[in-house]
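Trainee: Fold the following for me, if possible:
(one chain, ligands or ions: 1)
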Amino acid sequence: MTSSGQNPEKAPAIYGVVGYPVKHSFSPDMHNAAFKSLGINAAYLAFEIKPNALPGFLKNLDKLGISGVNLTVPHKEIAFKRLRCVSDEAKTSGTVNTIKNSNGKLFGESTDAYGLLASLREAFKLTSLRNKSILLLGAGGAANAVAAALASSGIKTLYISNRTHEKAVRLAEKTEAATSTRCVAVPLYDKAVSMIISDVDILINATSSGLKLTDKSPVTGSALRKGLLVYDMIYNPPVTCLLKEAKKAGAKGVNGLGMLLHQGARAFTIWTGKKAPLSVMRKAIKGSI
Ligand code: ATR
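Mentor: Residues are numbered from 1 along each chain as shown. Below is the predicted model:
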């Protein structure tokens with residue numbers, strides 16, 4: 001079996017997404033459509049692996065004949081700790097969401113921040129984030145994966161707000177030390193957030209609040225304003241309570257489908273060395289909702 005599945009005479013190269021749970025993932029549709037459109041002999045599966053079984057799964061990746069995987073919740077930090085070879089982006093974020101198996105050698109990458117930045121530029125028609133101020137909601141795995149990349153994009157200030165304030169303080173300190181960009185932790189209280197939002201161009205939700213249809217918006221609707229750009233990293237459900245509130249306030253809101261697309265496209269290129277067929281992949285995930 002080749003690692004990139006170039007030879008249609010051979011058994012397909014196997015790729016997949018590893019998560020727990022993983023049933024909801026759109027990645028199989030997206031990557032299988034991409035392989036098909038480029039005539040690559042490969043299949044992308046979903047592997048539901050419990051957190052305590054992940055180290056064993058990764059150790060046996062080569063024996064299982066798997067050429068590469070994506071990792072999703074809750075595996076990104078565990079995978080980072082388990083891999084010996086990781087990219088600079090993975091080191092910065094402390095997470096791995098893509099592994100390439102090259103003849104038994106596993107290499108870990110993090111394509112989430114790339115996906116977010118590409119999606120922000122595309123969704124809000126921005127040529128760059130230079131001199132923008134950004135409010136990042138959350139200080140868990142998703143926020144940690146993107147904070148340093150946001151702060152390294154020439155922005156003026158990165159505000160970080162989280163339900164557990166100490167975690168926001170730690171992430172702000174860590175990110176400022178790594179990037180020299182001004183990072184400020186803001187308590188997740190309506191008054192504090194409202195004041196900051198007047199100085200903010202883009203609000204990004206990296207909390208898990210919104211994944212359930214019954215979840216409330218992580219910030220009150222009255223804190224939002226016309227002209228604010230609101231990006232919710234959640235894509236399922238496609239319209240979260242935060243995005244509903246953004247619409248009511250006259251803000252432009254976008255969900256995280258574009259981030260899913262662009263992080264997946266980057267992973268596809270890492271595995272195959274080929275330019276990802278973006279429009280095919282975009283169509284495949286839109287059909288999944
Ligand atoms: P992920 O990997 O998706 O980021 P995580 O590491 O468990 O998952 O982090 C979840 C994030 O969502 C955290 O920032 C969490 O806040 P706490 O650090 O206080 O736990 C945030 N979060 C979860 N539920 C929330 C809610 N109802 N309101 C606001 N923030 C919430």
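Trainee: Phi first, then psi, for the spatially closest residue to G287 that is not a sequence neighbour.
Mentor: Closest residue to G287 apart from its sequence neighbours, by CB to CB, 6 or more residues apart in numbering: D29 at 7.0 Å. Using the backbone N, CA and C atoms, a C-beta is placed for each residue, glycine as well. Taking degrees, to the nearest 10, you get phi -60, psi -40 for the backbone angles of D29.
Trainee: hey, where'd the helices end up in the protein?
Mentor: Secondary structure of the chain by DSSP state H: the helices cover 27-37, 54-59, 76-82, 88-93, 112-123, 141-151, 165-179, 190-197, 241-249, 257-272, 278-286.
Trainee: Go ahead and confirm the residue nearest to G287 touches A284.
Mentor: Yes: in this structure D29 lies within contact range of A284 using CB atoms under 8 Å: 4.6 Å.
Trainee: what about the two, which has more around it?
Mentor: More neighbours surround A284 than the other of D29 and A284, with 23 against 17 (other CB atoms under 10 Å).
Trainee: And the residue of the stretch 51-200 of the chain closest to the ligand?
Mentor: G140 (2.0 Å; CB to the nearest ligand atom).
Trainee: contacting residues for P21?
Mentor: Contacts here follow CB atoms under 8 Å, 6 or more residues apart in numbering; on that basis P21 touches E48.
Trainee: What spatial separation is found between it and the ligand?
Mentor: In this view, P21 and the ligand are 13 Å apart by CB to the nearest ligand atom, to the nearest Å.
Trainee: At the contact with the ligand, which residues of the chain appear?
Mentor: 73, 138-142, 162-164, 167, 207-209, 218 (CB under 6 Å from any ligand atom).
Trainee: how about stretch 94-112: buried residues?
Mentor: In terms of neighbour count (16 or more other CB atoms under 10 Å), stretch 94-112 has its buried residues at 94-101, 106-112.
Trainee: picking up where we left off before, number of residues surrounding the residue of the stretch 51-200 of the chain closest to the ligand?
Mentor: Residues near G140, counting by other CB under 10 Å, number 17.
Trainee: wait, what's in contact with the residue nearest to R170 when sequence neighbours are not counted?
Mentor: Among residues not flanking R170 along the chain, A139 sits closest, at 7.2 Å (CB to CB, 6+ apart). Neighbouring residues of A139 by CB under 8 Å, 6+ apart: I160, N162, T164, K167, A168, R170, L171.
Trainee: returning to that earlier point: write the PyMOL selection for whichever of the residues of the chain next to the ligand are buried.
Mentor: The following PyMOL line selects those of the residues of the chain next to the ligand that are buried, judged by 16+ other CB under 10 Å:
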select buried, resi 138+139+140+141+142+162+167+207+208+209+218
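Trainee: where does this protein have low pLDDT?
Mentor: 1-8, 289 (pLDDT under 70).
Trainee: Domain map for it?
Mentor: Per automatic domain parsing, the structural domains of the chain span 13-110+260-288, 113-255.
Trainee: Is it correct that F124 is in contact with G253?
Mentor: No: F124 is beyond contact range of G253, at 10.4 Å (criterion: CB under 8 Å).
Trainee: what residues do the two have in common as contacts?
Mentor: Contacts common to F124 and G253, judged by CB under 8 Å, 6+ apart, are Y231.
Trainee: So between those two, which is more surrounded?
Mentor: A side-by-side neighbour count of F124 and G253, using other CB under 10 Å, places G253 first with 23 against 16.
Trainee: Tell me the bridge partners for the more buried one.
Mentor: Bridge pairing for G253 (DSSP bridges) gives the partners V230.
Trainee: what residues are up against it?
Mentor: Listed by CB under 8 Å, 6+ apart, the contact partners of G253 are V230, Y231, D232, L242, L243, A246, K247.
Trainee: Out of those, which comes closest to S222?
Mentor: A246 (12.0 Å; CB to CB).
Trainee: For the closest one, the count of nearby residues, please.
Mentor: 27.
Trainee: which non-adjacent residue is nearest it?
Mentor: Closest to A246 by CB to CB, 6+ apart is G253, at 3.6 Å.
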